[in-house]
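**Q** Predicted model and sequence follow; I will ask about them next.
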Amino acid sequence: MKKILLFLLVTYAGVSQAQYVVNYKKVADTYFENKDYYAASTFYKKALKITGDSTQAILPYGKERKTASEEKIMEDYEGAVYNLAESSRMYREFTEAEKYYAVATTFTNTKYRKALFYYAESLRANKKFNQAIDAFEQYIKKNGNDVLVKDAKKEIASCKFALEEMRFPRMVQVKRLPAQVNGLGSNYAPVKYGNDFYFTSSRPIAIAGKRDVVKTDAGEVQVATKSNPFLNNIYTSKGDLSATEVSVKALDINLPKGIEVAASTFSPNGNTIYFTAWREKENYAIYTAKKTGDKWSQPVEAGLQVNSKDFNSSQPFVTADGKFLLFSSDRTGGYGKYDLWYCAIREDGSLGQAVNFGPTINTEDDERAPYYNVSTKKLLFSTDGRIGLGGLDFFEAEGDLVDWSTPKNLGYPFNSSKDDVYFTAVDDKGIKGYISSDRESSCCLEVFEVKKEFLSIAGILTDCKTKLPLPGAKVTLSNVEGEQKITTGTDGKYTFKVDSKRPIKLLFAKDNYFSITKNYAYEELAKADTLIYRDYCISPFKLGIPIVLDNVYYEFNKADLTEPSKKVLDALIPIMEDNPEMEIELGAHTDNIGTDEYNLDLSNRRAQSCVDYLVSKGISITRLTSKGYGESMPVAPNTIGKGKKQKDNPEGRAKNRRTEFKVTKK
């Protein structure tokens, strides 16, 4: 970092000492104030004599001036570096932003104190999550009362979430669409209607006789001209998007001059289009147009229920049944910056009053680009107001526009460490679709095809005793994301689907049966393709009815357990662990050799030995009781015959020398 700082300072001072120079910093400052961050970045780099950039910008203008004082040199240098970092961040070029914020973090002037926060944010965007956590923690330590501390804490949580997601990626295929779709500028908001594919692009508008791109001196920087400006427009393509050549053309919707448009959506019959439209320095509004034959009518604003000069409304979406228009807006009455709203579409095409999606969906930050599947009742949207991988992330919630489940992050690689926004499905279940993301771009959104895949966990549950399929059993699959539950039918079958290969646990339970738990480690799941099939059985019991533990032996005439006996008792440990509410009694019995008093004492000590052993293995003493029955409850004759013909029955006495357990509470 010190070497970078020294290099930049020396080169900047060298420029300042020239007799006359183009005032690139003044040019850059003008662009920066006008929020033209492409151009600002270009000329801050020229002011700092940084070469090798390929950023798109506008042709320069500026005046010449004489050299400044040394203090002015330092002030201009620090301001140029910081604004260069800011410009890079604002047009999402985080590799560049990280580099220049790293320099700005060394500045002592307090007006640059936020450089450390944005340096950490850039590290996160560049997938350097552990370094980002360290930098955010440094920022919190140095700026405990700053308004960004809350954001820094959320960013730390997001970095930790991202690290976990990268360990256990979701089963999603992501493929970038061809260059004809992902051309110059941003390409986003994909929509599939029938055989037609629509998307928005800010690619330059070619004007006859004018070159799209020119180069500055020595070919250092590619610069777009005002003659061929970058303007947002809706484009369409037909046919196979995976083909080598994809034909793309602008959608002709009779736009008034000076209007930019984006994010189209269609009525179910395809004859009504809604989209976002705006003029420079004006608010975003939602417009609509009607189609007659192959021609679109002049677009008009959707109405006061959606639009106003006092707020922005954008990113419309019409549900597949044509009943509702969903959109994003910063209108009053929301919970944060941009919220999600919806309004009814009446039979005559007019709109009802806008209704907020509520606090389960909306946060104090931005919610963007809603997509609602009326078949699955799932809402998919983007937000930067929740724990995620970074920037805008896709979340999914289930509901009916009024009541919603808690939104769930769709994970990596559906989401990335940058911005992920605008989803559209191409099938009823929402398994396959398209998204926009700047994950592979230095500045701009691009369009990707996504396809979700799943791993099935299946099998048959039976009764261990009868070997028959077991109906009515509760089967629960759980992992860090939550639980899925089913009840087996007469065939005893269970089936679950998971979208990642992170560790899972299966719990099988039924009244009057011992529950069992089966764990699947990542290593086992990682070997599977699309299915893991396992059959299991669970054992029945009756409350208060003893179950014999075969082959539990003690040292001769003692209460000490033999090593083989301990292995038999080990079988009780998973039963106790899988049935955490269950309490049991360990009972010991003897044959009739010896006095009643001796046998009762011996059996008590032997039962207690079993309890002590289970406690030593981590089973709570509060769930265990011991009881010796001596020779009072034989299950077989100790002797055979009567009177003088009576003789010893070794087999019977062996059965009587037993250890049992019975469930006293389930």
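**A** Perfect, I can see it now.

**Q** quick one: what helix or strand has Val611 in it?
**A** helix 596-616 (DSSP states H and E).

**Q** Show me what the helix or strand immediately after that helix in the chain is packed against.
**A** For helix 596-616, the succeeding helix or strand toward the C-terminus, using DSSP H and E, is strand 624-630. Where contact means 3 or more C-beta pairs under 8 Å, 6 or more residues apart in numbering; DSSP states H and E, strand 624-630 is packed against strand 583-589, helix 596-616. Glycine gets a C-beta too; all of them are placed from N, C-alpha and C.

**Q** Which one of these lies nearest to Gly352?
**A** Nearest of these to Gly352, taken as C-beta to C-beta: strand 583-589 at 58.7 Å.

**Q** tell me the pLDDT at Glu446?
**A** Per-residue pLDDT puts Glu446 at 95.

**Q** wait, isn't it in contact with Gly185?
**A** No - counting by C-beta atoms under 8 Å, Glu446 sits too far from Gly185 to count as a contact (10.1 Å).

**Q** pLDDT weak spots in this protein?
**A** Across the chain, the ranges flagged by pLDDT under 70 are 1-22, 52-71, 205-229, 244, 555-556.

**Q** show me what contacts Pro169?
**A** Pro169 is in contact with 411-413, 500, counting by C-beta atoms under 8 Å, 6 or more residues apart in numbering.

**Q** what's the distance between it and Ile584?
**A** 43 Å (C-beta to C-beta, to the nearest Å).

**Q** repeat for Lys467
**A** According to C-beta to C-beta, Lys467 and Ile584 sit 25 Å apart.

**Q** the more surrounded of those two?
**A** It is Ile584, of Lys467 and Ile584, that has more neighbours when counted by other C-beta atoms under 10 Å, with 24 against 8.

**Q** ok, the residue lying closest to that one once chain neighbours are set aside - how many residues close by?
**A** Nearest non-adjacent residue to Ile584, counting by C-beta to C-beta, 6 or more residues apart in numbering: Phe661, 4.9 Å away. Burial of Phe661 is recorded as 23 neighbouring residues (other C-beta under 10 Å).

**Q** Check Glu78 too.
**A** When neighbours are counted by other C-beta under 10 Å, Glu78 registers 22.

**Q** Show the contacting residues for Asp146.
**A** Contacts for Asp146 (C-beta under 8 Å, 6+ apart) come out as 113, 139.

**Q** Does it belong to a helix, a strand or coil?
**A** Here Asp146 is recorded as coil under DSSP: H, G, I helix; E, B strand; the rest coil.

**Q** Could you give me the buried positions within stretch 355-374?
**A** The neighbour-count check on stretch 355-374 (16 or more other C-beta atoms under 10 Å) flags 356-357, 361-363, 365-373 as buried.

**Q** Alpha carbons of stretch 37-47, in PDB - could you do that?
**A** Once non-C-alpha atoms are left out, stretch 37-47 reads as follows in PDB (Å, rounded to 0.1, in the frame of the first residue of the first chain):
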ATOM      1  CA  TYR A  37     -18.900   8.300 -12.600                       C
ATOM      2  CA  TYR A  38     -17.500   6.600 -15.800                       C
ATOM      3  CA  ALA A  39     -16.200   9.900 -17.000                       C
ATOM      4  CA  ALA A  40     -15.100  11.100 -13.500                       C
ATOM      5  CA  SER A  41     -13.000   7.900 -13.100                       C
ATOM      6  CA  THR A  42     -11.400   8.300 -16.500                       C
ATOM      7  CA  PHE A  43     -10.200  11.900 -15.800                       C
ATOM      8  CA  TYR A  44      -9.200  11.300 -12.200                       C
ATOM      9  CA  LYS A  45      -6.800   8.600 -13.500                       C
ATOM     10  CA  LYS A  46      -5.500  11.100 -16.100                       C
ATOM     11  CA  ALA A  47      -5.000  13.700 -13.400                       C
END
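
**Q** how distant is that stretch from the center of its chain?
**A** With C-alpha atoms, centre = their mean, to the nearest Å as the basis, stretch 37-47 stands 35 Å off its chain's centre.

**Q** Could you do stretch 478-491 as well?
**A** That offset, for stretch 478-491, works out to 21 Å (C-alpha atoms, centre = their mean).

**Q** Pop the domain breakdown of the protein in here.
**A** Taking automatic domain parsing as the criterion, the chain consists of the domains 2-167, 172-207+223-452, 455-538, 547-665.

**Q** what about the shortest one, start to end distance?
**A** From the first residue to the last, domain 455-538 extends over 24 Å; the measure is C-alpha to C-alpha, to the nearest Å.

**Q** cool, and stretch 551-559?
**A** End-to-end distance of stretch 551-559 (C-alpha to C-alpha): 15 Å.

**Q** Wait, a helix at Gly322?
**A** No - counting by three-state DSSP, Gly322 falls outside a helix, being coil.

**Q** could you dump stretch 632-641 to CSV, C-alpha only?
**A** C-alpha atoms of stretch 632-641 as CSV (Å, rounded to 0.1, in the frame of the first residue of the first chain):
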residue,chain,number,x,y,z
SER,A,632,-39.3,-62.2,42.5
MET,A,633,-40.3,-62.1,38.8
PRO,A,634,-39.0,-65.2,37.1
VAL,A,635,-39.8,-65.6,33.4
ALA,A,636,-38.9,-69.3,33.4
PRO,A,637,-38.7,-72.1,36.0
ASN,A,638,-35.5,-72.2,38.0
THR,A,639,-36.1,-76.0,38.6
ILE,A,640,-37.9,-78.8,36.8
GLY,A,641,-40.0,-81.3,38.6
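
**Q** Can you tell me how far Arg167 is from Ile156?
**A** In terms of C-beta to C-beta, Arg167 sits 17 Å off from Ile156.

**Q** Equivalent analysis for Gly628, please.
**A** Separation of Gly628 from Ile156 (C-beta to C-beta): 58 Å.

**Q** Arg657 reaches His589, doesn't it?
**A** Yes - if you go by C-beta under 8 Å, Arg657 and His589 touch, sitting 6.8 Å apart.

**Q** Comparing those two, which shows the higher neighbour count?
**A** His589 (24 against 20).

**Q** Show me the beta-bridge partners of the more buried one.
**A** Gly630 (DSSP bridges).

**Q** how deep is Thr332 tucked in, by neighbour count?
**A** 8.

**Q** List the contacts of the nearest residue to it once chain neighbours are set aside.
**A** Leaving aside its sequence neighbours, Thr332 sits nearest to Phe311 (C-beta to C-beta, 6+ apart; 7.0 Å). Residues near Phe311 by C-beta under 8 Å, 6+ apart: 283, 329-332.

**Q** and what of Phe324?
**A** When the contact criterion is C-beta under 8 Å, 6+ apart, the partners of Phe324 are 318, 342-345, 372, 401.

**Q** Any chance of JSON lines for those, columns secondary structure?
**A** Formatted as JSON lines, these follow (three-state DSSP):
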{"residue": "Val318", "secondary structure": "strand"}
{"residue": "Tyr342", "secondary structure": "strand"}
{"residue": "Cys343", "secondary structure": "strand"}
{"residue": "Ala344", "secondary structure": "strand"}
{"residue": "Ile345", "secondary structure": "strand"}
{"residue": "Tyr372", "secondary structure": "strand"}
{"residue": "Leu401", "secondary structure": "coil"}
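
**Q** Tabulate those residues in JSON lines, adding columns for distance to Asn109.
**A** Converted to JSON lines, the contacts of Phe324 look like this (distance: C-beta to C-beta, whole Å):
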{"residue": "Val318", "distance to Asn109": "51"}
{"residue": "Tyr342", "distance to Asn109": "47"}
{"residue": "Cys343", "distance to Asn109": "49"}
{"residue": "Ala344", "distance to Asn109": "54"}
{"residue": "Ile345", "distance to Asn109": "54"}
{"residue": "Tyr372", "distance to Asn109": "49"}
{"residue": "Leu401", "distance to Asn109": "50"}
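
**Q** Just the closest of these to Tyr112, please.
**A** Taking the contacts of Phe324 together and measuring to Tyr112 by C-beta to C-beta, the closest member is Tyr342, at 42.8 Å.
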